[in-house]
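Chemist: here's a sequence, model it:
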Amino acid sequence: MKIAKVELYHVQIPLEKTFYPTWIPGYPQTHNSFTLVRLETKCGIEGWSAGAAMGREREGLGDLIGGYLIGLDPEDIPTANQRLKEASYLGWRNYWIEPAFWDIVGKSKGKPVYELLGGSARPVETYISTGEMRDPAQRAEQLLEMAERGFKTAKLRVKNIELKDDIRHVETVASRVSGKLIMGVDANQGWLVTIMARMPAWTHERAYEFAVACARNNFRWLEEPLDSRDYDGLAALRAKKTGVRLAGAELNYGWDETKVMIEKGCLDAYQPDSTFCGISQAKRTLDACREKGLDFSPHTWTNGIGLIINMHLWLADAERNLPLEYPLEEPSWIPRWRDGIQEAPILPDSEGRLAPPTEPGLGLRIDPAKLRRYGRRFFKMTELSLKFKVVREKGVGEAVKLAKQKKQLELES
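Modeler: I've put the predicted structure just below:
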(Lines give C-alpha, C1' and ligand atoms only; values in the text may rest on other atoms or scores of the structure.)
Protein backbone atom coordinates (compact mmCIF):
# COMPACT_ATOMS: atom_id res chain seq x y z
CA MET A 1 0.00 0.00 0.00
CA LYS A 2 1.28 3.43 -0.99
CA ILE A 3 -0.25 6.91 -0.89
CA ALA A 4 -1.06 7.72 -4.52
CA LYS A 5 -3.18 10.87 -4.22
CA VAL A 6 -3.38 13.86 -1.88
CA GLU A 7 -6.28 16.31 -1.90
CA LEU A 8 -6.82 19.40 0.27
CA TYR A 9 -10.03 21.37 0.72
CA HIS A 10 -11.00 24.67 2.28
CA VAL A 11 -14.30 24.09 4.12
CA GLN A 12 -16.45 26.95 5.40
CA ILE A 13 -19.86 26.10 6.87
CA PRO A 14 -21.96 29.21 7.66
CA LEU A 15 -23.46 29.40 11.13
CA GLU A 16 -27.07 30.53 11.42
CA LYS A 17 -26.20 32.52 14.55
CA THR A 18 -22.90 34.26 15.28
CA PHE A 19 -20.68 32.45 17.77
CA TYR A 20 -18.46 34.37 20.23
CA PRO A 21 -15.75 31.99 21.48
CA THR A 22 -14.21 32.81 24.83
CA TRP A 23 -10.77 31.78 23.55
CA ILE A 24 -10.84 34.78 21.15
CA PRO A 25 -12.65 37.42 23.23
CA GLY A 26 -14.59 39.90 21.12
CA TYR A 27 -14.33 37.86 17.92
CA PRO A 28 -17.57 37.13 16.03
CA GLN A 29 -17.24 33.70 14.43
CA THR A 30 -19.65 33.33 11.53
CA HIS A 31 -18.37 30.07 9.99
CA ASN A 32 -17.11 26.65 10.98
CA SER A 33 -13.86 26.71 9.01
CA PHE A 34 -11.29 23.96 8.58
CA THR A 35 -8.86 22.38 6.15
CA LEU A 36 -9.83 18.91 5.00
CA VAL A 37 -7.37 16.32 3.75
CA ARG A 38 -8.15 13.24 1.68
CA LEU A 39 -5.46 10.62 1.11
CA GLU A 40 -5.95 7.74 -1.32
CA THR A 41 -3.85 4.62 -1.78
CA LYS A 42 -3.06 2.86 -5.05
CA CYS A 43 -5.71 0.27 -4.19
CA GLY A 44 -8.36 2.95 -3.65
CA ILE A 45 -8.58 3.13 0.17
CA GLU A 46 -9.17 6.68 1.32
CA GLY A 47 -8.34 8.38 4.60
CA TRP A 48 -9.77 11.64 5.91
CA SER A 49 -8.81 14.19 8.55
CA ALA A 50 -9.34 17.88 9.28
CA GLY A 51 -7.46 20.73 10.88
CA ALA A 52 -9.18 23.75 12.43
CA ALA A 53 -8.61 26.97 10.47
CA MET A 54 -9.54 30.63 10.59
CA GLY A 55 -10.00 30.68 6.81
CA ARG A 56 -7.69 29.92 3.90
CA GLU A 57 -4.37 30.36 5.66
CA ARG A 58 -3.11 26.96 4.45
CA GLU A 59 -3.45 27.94 0.77
CA GLY A 60 0.12 26.94 -0.06
CA LEU A 61 0.29 23.82 2.11
CA GLY A 62 -0.15 21.36 -0.75
CA ASP A 63 2.99 22.42 -2.58
CA LEU A 64 4.92 21.88 0.63
CA ILE A 65 3.33 18.69 1.90
CA GLY A 66 2.43 16.79 -1.28
CA GLY A 67 5.92 15.53 -2.02
CA TYR A 68 6.31 14.36 1.58
CA LEU A 69 3.18 12.20 1.43
CA ILE A 70 3.07 10.70 -2.07
CA GLY A 71 4.56 7.20 -2.04
CA LEU A 72 4.42 6.72 1.73
CA ASP A 73 3.27 3.41 3.16
CA PRO A 74 0.25 4.42 5.31
CA GLU A 75 1.02 1.59 7.75
CA ASP A 76 4.42 3.12 8.45
CA ILE A 77 3.00 5.77 10.74
CA PRO A 78 6.35 6.57 12.45
CA THR A 79 7.78 7.59 9.07
CA ALA A 80 4.61 9.53 8.25
CA ASN A 81 5.00 11.44 11.51
CA GLN A 82 8.63 12.13 10.74
CA ARG A 83 7.69 13.52 7.32
CA LEU A 84 4.97 15.69 8.84
CA LYS A 85 7.48 16.96 11.39
CA GLU A 86 10.00 17.78 8.67
CA ALA A 87 7.39 19.70 6.70
CA SER A 88 6.46 21.66 9.82
CA TYR A 89 9.86 23.34 10.04
CA LEU A 90 8.64 25.89 7.48
CA GLY A 91 5.77 27.11 9.60
CA TRP A 92 2.70 24.85 9.64
CA ARG A 93 1.86 22.33 12.33
CA ASN A 94 0.93 19.32 10.23
CA TYR A 95 0.07 16.55 12.69
CA TRP A 96 -3.64 17.08 12.00
CA ILE A 97 -3.01 15.10 8.78
CA GLU A 98 -1.80 11.99 10.63
CA PRO A 99 -5.27 10.63 11.58
CA ALA A 100 -5.93 10.11 7.85
CA PHE A 101 -3.18 7.45 7.88
CA TRP A 102 -4.89 5.70 10.80
CA ASP A 103 -8.16 5.88 8.86
CA ILE A 104 -6.55 4.01 5.96
CA VAL A 105 -4.90 1.43 8.21
CA GLY A 106 -8.14 0.73 10.06
CA LYS A 107 -10.02 0.26 6.78
CA SER A 108 -7.32 -2.02 5.39
CA LYS A 109 -7.51 -4.23 8.51
CA GLY A 110 -11.29 -4.06 8.89
CA LYS A 111 -11.08 -2.52 12.38
CA PRO A 112 -12.05 0.78 14.01
CA VAL A 113 -9.02 2.82 14.98
CA TYR A 114 -9.73 2.47 18.71
CA GLU A 115 -9.31 -1.30 18.34
CA LEU A 116 -5.90 -0.71 16.73
CA LEU A 117 -5.10 1.34 19.84
CA GLY A 118 -6.14 -1.47 22.20
CA GLY A 119 -9.67 -0.25 22.98
CA SER A 120 -13.15 -1.66 22.47
CA ALA A 121 -16.64 -0.39 21.66
CA ARG A 122 -18.76 0.96 24.50
CA PRO A 123 -21.10 3.92 25.07
CA VAL A 124 -19.14 7.18 25.18
CA GLU A 125 -19.88 9.18 28.32
CA THR A 126 -19.76 12.91 27.55
CA TYR A 127 -19.78 16.27 29.27
CA ILE A 128 -21.46 19.31 27.78
CA SER A 129 -18.78 21.83 26.85
CA THR A 130 -19.97 25.43 26.49
CA GLY A 131 -17.99 27.90 24.40
CA GLU A 132 -19.23 31.41 25.20
CA MET A 133 -19.42 33.74 28.17
CA ARG A 134 -23.04 34.24 29.19
CA ASP A 135 -24.78 35.95 32.08
CA PRO A 136 -24.22 33.43 34.90
CA ALA A 137 -27.89 33.19 35.88
CA GLN A 138 -28.85 32.59 32.26
CA ARG A 139 -26.07 30.03 31.93
CA ALA A 140 -27.27 28.19 35.00
CA GLU A 141 -30.75 27.86 33.50
CA GLN A 142 -29.30 26.52 30.26
CA LEU A 143 -27.20 23.98 32.14
CA LEU A 144 -30.22 22.80 34.10
CA GLU A 145 -31.93 22.17 30.77
CA MET A 146 -28.91 20.10 29.71
CA ALA A 147 -29.27 18.05 32.87
CA GLU A 148 -32.87 17.36 31.91
CA ARG A 149 -31.60 16.10 28.53
CA GLY A 150 -29.49 13.51 30.30
CA PHE A 151 -26.08 15.14 30.67
CA LYS A 152 -24.44 14.54 34.03
CA THR A 153 -21.38 16.78 33.67
CA ALA A 154 -20.78 20.22 32.16
CA LYS A 155 -18.00 22.73 31.63
CA LEU A 156 -18.33 26.48 32.13
CA ARG A 157 -16.19 29.22 30.58
CA VAL A 158 -14.94 32.32 32.38
CA LYS A 159 -13.28 35.32 30.73
CA ASN A 160 -13.80 38.47 32.79
CA ILE A 161 -11.34 41.29 33.25
CA GLU A 162 -11.67 41.22 37.04
CA LEU A 163 -11.11 38.15 39.21
CA LYS A 164 -14.14 39.01 41.36
CA ASP A 165 -16.41 38.68 38.33
CA ASP A 166 -14.98 35.26 37.43
CA ILE A 167 -15.57 34.11 41.01
CA ARG A 168 -19.10 35.51 40.97
CA HIS A 169 -19.67 33.56 37.77
CA VAL A 170 -18.83 30.18 39.30
CA GLU A 171 -20.64 31.01 42.55
CA THR A 172 -23.86 31.93 40.76
CA VAL A 173 -23.83 28.84 38.56
CA ALA A 174 -22.90 26.55 41.45
CA SER A 175 -25.71 27.87 43.61
CA ARG A 176 -28.25 26.76 41.01
CA VAL A 177 -26.84 23.55 39.53
CA SER A 178 -25.26 21.99 42.63
CA GLY A 179 -26.39 18.41 43.03
CA LYS A 180 -27.70 18.27 39.47
CA LEU A 181 -24.48 18.45 37.46
CA ILE A 182 -20.81 17.72 38.04
CA MET A 183 -19.04 20.92 36.99
CA GLY A 184 -15.71 21.92 35.49
CA VAL A 185 -14.51 25.34 34.32
CA ASP A 186 -12.13 26.47 31.58
CA ALA A 187 -10.17 29.71 32.01
CA ASN A 188 -8.67 29.57 28.48
CA GLN A 189 -5.40 31.02 29.74
CA GLY A 190 -3.34 28.29 28.11
CA TRP A 191 -3.01 30.16 24.82
CA LEU A 192 -4.21 33.70 25.40
CA VAL A 193 -5.46 35.62 22.32
CA THR A 194 -5.85 39.39 22.67
CA ILE A 195 -6.23 40.58 19.07
CA MET A 196 -9.85 41.70 19.54
CA ALA A 197 -9.98 42.43 23.28
CA ARG A 198 -7.22 43.19 25.79
CA MET A 199 -7.92 40.46 28.31
CA PRO A 200 -5.35 40.10 31.09
CA ALA A 201 -3.06 37.10 31.42
CA TRP A 202 -3.60 35.50 34.82
CA THR A 203 -0.87 35.75 37.41
CA HIS A 204 -0.06 32.80 39.64
CA GLU A 205 -1.85 34.59 42.50
CA ARG A 206 -5.03 35.08 40.48
CA ALA A 207 -4.99 31.46 39.31
CA TYR A 208 -4.59 30.30 42.92
CA GLU A 209 -7.46 32.45 44.22
CA PHE A 210 -9.74 31.31 41.44
CA ALA A 211 -8.80 27.64 41.99
CA VAL A 212 -9.66 27.97 45.68
CA ALA A 213 -13.02 29.55 44.75
CA CYS A 214 -13.70 26.66 42.35
CA ALA A 215 -13.01 24.11 45.08
CA ARG A 216 -15.19 26.02 47.53
CA ASN A 217 -18.07 25.81 45.01
CA ASN A 218 -17.55 22.09 44.32
CA PHE A 219 -16.15 22.45 40.81
CA ARG A 220 -14.41 19.21 39.94
CA TRP A 221 -11.71 20.51 37.59
CA LEU A 222 -10.12 23.74 36.30
CA GLU A 223 -8.63 23.91 32.80
CA GLU A 224 -5.71 26.03 31.71
CA PRO A 225 -5.45 28.62 34.52
CA LEU A 226 -1.95 29.59 33.31
CA ASP A 227 -0.01 29.67 30.06
CA SER A 228 0.26 26.13 28.74
CA ARG A 229 4.06 26.35 28.70
CA ASP A 230 4.42 27.81 32.16
CA TYR A 231 5.44 24.38 33.41
CA ASP A 232 6.93 25.56 36.69
CA GLY A 233 3.94 27.79 37.43
CA LEU A 234 1.45 25.00 36.76
CA ALA A 235 3.45 22.56 38.88
CA ALA A 236 3.62 25.07 41.75
CA LEU A 237 -0.12 25.71 41.56
CA ARG A 238 -0.89 22.00 41.59
CA ALA A 239 1.47 21.49 44.54
CA LYS A 240 -0.61 23.92 46.62
CA LYS A 241 -3.46 21.38 46.61
CA THR A 242 -6.26 23.90 46.18
CA GLY A 243 -8.91 21.17 46.15
CA VAL A 244 -9.69 21.40 42.44
CA ARG A 245 -8.00 19.23 39.83
CA LEU A 246 -5.95 20.97 37.12
CA ALA A 247 -6.37 19.99 33.46
CA GLY A 248 -4.93 21.09 30.14
CA ALA A 249 -2.41 20.43 27.34
CA GLU A 250 -4.89 20.74 24.46
CA LEU A 251 -2.55 22.82 22.29
CA ASN A 252 0.82 21.72 23.57
CA TYR A 253 3.08 20.39 20.84
CA GLY A 254 2.48 16.72 21.45
CA TRP A 255 4.49 14.25 23.46
CA ASP A 256 7.68 16.35 23.58
CA GLU A 257 5.84 18.87 25.76
CA THR A 258 3.39 16.67 27.65
CA LYS A 259 6.30 14.46 28.70
CA VAL A 260 7.88 17.48 30.40
CA MET A 261 4.55 18.42 31.98
CA ILE A 262 4.07 14.94 33.41
CA GLU A 263 7.64 14.84 34.73
CA LYS A 264 7.20 18.22 36.43
CA GLY A 265 3.78 17.33 37.83
CA CYS A 266 1.87 20.13 36.06
CA LEU A 267 -1.61 18.62 35.78
CA ASP A 268 -4.01 16.05 37.18
CA ALA A 269 -5.74 15.46 33.83
CA TYR A 270 -4.32 15.64 30.31
CA GLN A 271 -6.39 16.71 27.30
CA PRO A 272 -4.37 16.44 24.09
CA ASP A 273 -6.16 16.86 20.77
CA SER A 274 -5.28 14.42 17.99
CA THR A 275 -6.08 17.06 15.37
CA PHE A 276 -3.25 19.17 16.79
CA CYS A 277 -0.68 16.57 17.83
CA GLY A 278 -1.74 13.42 15.94
CA ILE A 279 -3.17 10.16 17.24
CA SER A 280 0.22 8.58 17.91
CA GLN A 281 1.40 11.34 20.24
CA ALA A 282 -1.93 11.59 22.03
CA LYS A 283 -1.72 7.82 22.62
CA ARG A 284 1.73 8.24 24.20
CA THR A 285 0.22 10.76 26.60
CA LEU A 286 -2.60 8.32 27.38
CA ASP A 287 -0.11 5.54 28.10
CA ALA A 288 1.86 7.81 30.43
CA CYS A 289 -1.35 8.80 32.24
CA ARG A 290 -2.11 5.11 32.75
CA GLU A 291 1.33 4.55 34.22
CA LYS A 292 1.21 7.59 36.51
CA GLY A 293 -2.43 7.28 37.60
CA LEU A 294 -3.44 10.54 35.92
CA ASP A 295 -6.71 11.30 34.17
CA PHE A 296 -7.07 11.60 30.41
CA SER A 297 -9.83 13.00 28.21
CA PRO A 298 -9.11 14.43 24.74
CA HIS A 299 -9.92 17.98 23.74
CA THR A 300 -12.53 17.97 20.95
CA TRP A 301 -13.58 21.57 20.33
CA THR A 302 -12.60 21.89 16.65
CA ASN A 303 -15.35 20.44 14.41
CA GLY A 304 -17.33 17.22 14.03
CA ILE A 305 -14.42 15.41 12.38
CA GLY A 306 -12.17 16.29 15.31
CA LEU A 307 -14.85 15.06 17.70
CA ILE A 308 -14.90 11.63 16.04
CA ILE A 309 -11.11 11.38 15.77
CA ASN A 310 -10.66 12.11 19.47
CA MET A 311 -13.51 9.77 20.38
CA HIS A 312 -11.21 6.94 19.25
CA LEU A 313 -8.59 8.05 21.80
CA TRP A 314 -11.22 8.10 24.53
CA LEU A 315 -12.33 4.60 23.55
CA ALA A 316 -8.73 3.38 23.59
CA ASP A 317 -8.80 3.21 27.39
CA ALA A 318 -11.46 2.10 29.85
CA GLU A 319 -9.68 3.18 33.05
CA ARG A 320 -9.64 6.98 32.82
CA ASN A 321 -12.63 8.39 34.63
CA LEU A 322 -13.30 11.67 32.81
CA PRO A 323 -16.06 11.81 30.19
CA LEU A 324 -15.44 13.05 26.64
CA GLU A 325 -15.95 16.71 25.74
CA TYR A 326 -19.10 17.34 23.68
CA PRO A 327 -18.94 20.86 22.16
CA LEU A 328 -22.30 22.61 22.17
CA GLU A 329 -23.30 26.25 22.38
CA GLU A 330 -26.90 26.81 21.37
CA PRO A 331 -28.10 28.45 19.18
CA SER A 332 -24.83 29.12 17.32
CA TRP A 333 -22.47 26.14 17.64
CA ILE A 334 -24.85 23.23 17.17
CA PRO A 335 -24.42 19.72 15.69
CA ARG A 336 -25.92 20.65 12.32
CA TRP A 337 -23.12 23.14 11.63
CA ARG A 338 -20.40 21.60 13.78
CA ASP A 339 -20.73 18.33 11.82
CA GLY A 340 -21.77 20.06 8.60
CA ILE A 341 -20.13 17.90 5.90
CA GLN A 342 -20.89 14.56 7.53
CA GLU A 343 -23.88 12.48 6.51
CA ALA A 344 -25.54 12.93 9.90
CA PRO A 345 -24.85 15.01 13.02
CA ILE A 346 -23.30 13.38 16.09
CA LEU A 347 -26.09 13.35 18.67
CA PRO A 348 -26.19 12.04 22.25
CA ASP A 349 -28.80 9.66 23.58
CA SER A 350 -31.19 10.43 26.45
CA GLU A 351 -28.37 9.82 28.96
CA GLY A 352 -25.87 12.13 27.31
CA ARG A 353 -23.88 9.30 25.71
CA LEU A 354 -22.59 8.88 22.15
CA ALA A 355 -22.64 5.66 20.16
CA PRO A 356 -19.09 4.54 19.33
CA PRO A 357 -18.05 4.35 15.67
CA THR A 358 -18.18 0.72 14.58
CA GLU A 359 -17.03 0.91 10.95
CA PRO A 360 -13.40 0.25 10.01
CA GLY A 361 -11.06 3.21 10.25
CA LEU A 362 -12.28 6.41 11.83
CA GLY A 363 -15.89 5.80 10.85
CA LEU A 364 -16.20 9.19 9.15
CA ARG A 365 -18.99 9.48 6.62
CA ILE A 366 -18.33 12.52 4.46
CA ASP A 367 -21.37 13.57 2.42
CA PRO A 368 -20.14 14.39 -1.14
CA ALA A 369 -23.01 16.80 -1.77
CA LYS A 370 -22.32 18.73 1.46
CA LEU A 371 -18.61 18.80 0.69
CA ARG A 372 -19.35 20.30 -2.74
CA ARG A 373 -21.62 22.86 -1.11
CA TYR A 374 -19.32 23.99 1.69
CA GLY A 375 -15.87 22.99 0.45
CA ARG A 376 -13.46 23.96 -2.31
CA ARG A 377 -10.64 21.70 -3.35
CA PHE A 378 -7.52 23.82 -3.64
CA PHE A 379 -4.87 21.14 -4.12
CA LYS A 380 -4.54 17.76 -5.78
CA MET A 381 -1.40 15.74 -6.34
CA THR A 382 -0.82 12.27 -7.77
CA GLU A 383 2.36 10.35 -8.43
CA LEU A 384 2.32 11.53 -12.04
CA SER A 385 1.69 15.19 -11.23
CA LEU A 386 4.49 15.08 -8.65
CA LYS A 387 6.90 13.85 -11.35
CA PHE A 388 5.85 16.64 -13.70
CA LYS A 389 6.26 19.18 -10.88
CA VAL A 390 9.82 18.02 -10.15
CA VAL A 391 10.77 18.09 -13.86
CA ARG A 392 9.24 21.55 -14.28
CA GLU A 393 11.00 23.00 -11.23
CA LYS A 394 14.34 21.12 -11.25
CA GLY A 395 14.87 20.12 -14.87
CA VAL A 396 15.04 16.64 -16.41
CA GLY A 397 18.58 15.85 -15.27
CA GLU A 398 18.01 16.72 -11.63
CA ALA A 399 14.61 14.98 -11.69
CA VAL A 400 16.23 11.74 -12.83
CA LYS A 401 18.89 12.01 -10.11
CA LEU A 402 16.25 12.64 -7.45
CA ALA A 403 14.17 9.68 -8.62
CA LYS A 404 17.19 7.36 -8.41
CA GLN A 405 18.12 8.72 -4.98
CA LYS A 406 14.60 8.18 -3.67
CA LYS A 407 14.49 4.65 -5.09
CA GLN A 408 17.77 3.84 -3.38
CA LEU A 409 16.43 5.12 -0.06
CA GLU A 410 13.35 2.91 -0.45
CA LEU A 411 15.54 -0.13 -1.13
CA GLU A 412 17.72 0.59 1.90
CA SER A 413 14.71 0.89 4.17
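Chemist: domain-wise, how is this structure divided?
Modeler: As recorded under automatic domain parsing, the domains making up the chain are 3-110+365-412, 115-354.
Chemist: which of those domains comes out lowest on mean pLDDT?
Modeler: Comparing those by mean pLDDT, the weakest confidence falls on domain 3-110+365-412, with a mean of 93.
Chemist: ends of it, what's the gap?
Modeler: Counting by C-alpha to C-alpha, to the nearest Å, the length from the leading to the trailing residue of domain 3-110+365-412 is 19 Å.
Chemist: before we move on, what about stretch 92-112?
Modeler: 29 Å.
Chemist: can you list the buried residues in that stretch?
Modeler: For stretch 92-112, a neighbour-count test (16 or more other C-beta atoms under 10 Å) marks 92-108, 112 as buried. Heads up, the C-betas are built off the backbone N, CA and C, glycines and all.
Chemist: hmm, back to that, and the domains of the chain, which is most packed in?
Modeler: Taking mean count of other C-beta atoms under 10 Å as the contact definition, the stretch among those with the greatest mean neighbour count is domain 115-354, which reaches a mean of 20.
Chemist: starting at the chain centroid, how far to that one?
Modeler: Counting by C-alpha atoms, centre = their mean, to the nearest Å, domain 115-354 is centred 11 Å from the centre of its parent chain.
Chemist: straight-line length of it, end to end?
Modeler: Here domain 115-354 reaches across 17 Å from its first residue to its last, counting by C-alpha to C-alpha.
Chemist: repeat for stretch 207-225
Modeler: Length of stretch 207-225, first residue to last, C-alpha to C-alpha: 6 Å.
Chemist: do stretch 308-323 as well
Modeler: Across stretch 308-323, the terminal residues are separated by 14 Å (C-alpha to C-alpha).
Chemist: likewise for stretch 354-368?
Modeler: Distance between the boundary residues of stretch 354-368 (C-alpha to C-alpha) amounts to 24 Å.
Chemist: got it, and stretch 272-288?
Modeler: Stretch 272-288 stretches 12 Å from its first residue to its last (C-alpha to C-alpha).
Chemist: and for stretch 22-34?
Modeler: For stretch 22-34, the end-to-end distance is 19 Å (C-alpha to C-alpha).
Chemist: just checking, what packs against the helix or strand where Asp256 lies?
Modeler: Secondary structure assignment for Asp256, by DSSP states H and E: helix 255-264. Using 3 or more C-beta pairs under 8 Å, 6 or more residues apart in numbering; DSSP states H and E, the elements in contact with helix 255-264 are helix 231-239, strand 269-270, helix 279-292.
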